[in-house]
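Visitor: need a structure here:
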Amino acid sequence: MDPKLLDILACPICKGPLQLSEDKTELISKGAGVAYPIRDGIPVMLESEARTLSTDERLDK
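Guide: Numbering: from 1, shown residues only. Got it, this is the predicted structure:
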């Protein structure tokens, strides 16, 4: 994922910043508590496609 694109993208729910997951398969929004999938190199920024972060993920454990 292009770092410039990551700087431009914002969470559609909370409008906050996104972080690339360690395995580079999701964009994580700590503010909204969700993770958006990346499919074929394209982030799917739909609330209906996002998964809810676990408590450990929210606390960075």
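
Visitor: elements contacting the longest strand anywhere in the chain?
Guide: When the chain is parsed with DSSP state E, its longest strand is strand 34-39. Using 3 or more C-beta pairs under 8 Å, 6 or more residues apart in numbering; DSSP states H and E, the elements in contact with strand 34-39 are strand 26-29, strand 51-52. (Glycine included, C-beta is placed from N, CA and C.)

Visitor: is it possible to export those strands to CSV including mean neighbour count, mean pLDDT and distance to Y36?
Guide: As requested, the helices and strands packed on strand 34-39 are exported to CSV (neighbours: other C-beta atoms under 10 Å; pLDDT from 0 to 100; distance: least, C-beta to C-beta, whole Å):
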stretch, mean neighbour count, mean pLDDT, distance to Y36
strand 26-29, 22, 96, 5
strand 51-52, 10, 97, 8
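
Visitor: how about the ones you listed in a markdown table, adding distance to G16?
Guide: As requested, those are exported to a markdown table (distance: least, C-beta to C-beta, whole Å):
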| stretch | distance to G16 |
| --- | --- |
| strand 26-29 | 6 |
| strand 51-52 | 16 |
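
Visitor: What is the neighbour count of A35?
Guide: 22 (other C-beta atoms under 10 Å).

Visitor: Could I get the contacting residues of it?
Guide: 21, 26-29, 50-51, 53, 57 (C-beta atoms under 8 Å, 6 or more residues apart in numbering).

Visitor: do you know how far I28 is from A35?
Guide: With distances taken as C-beta to C-beta, to the nearest Å, I28 is found 5 Å from A35.

Visitor: so what's in contact with these two at the same time?
Guide: Counting by C-beta under 8 Å, 6+ apart, the contacts common to I28 and A35 are 21, 53, 57.
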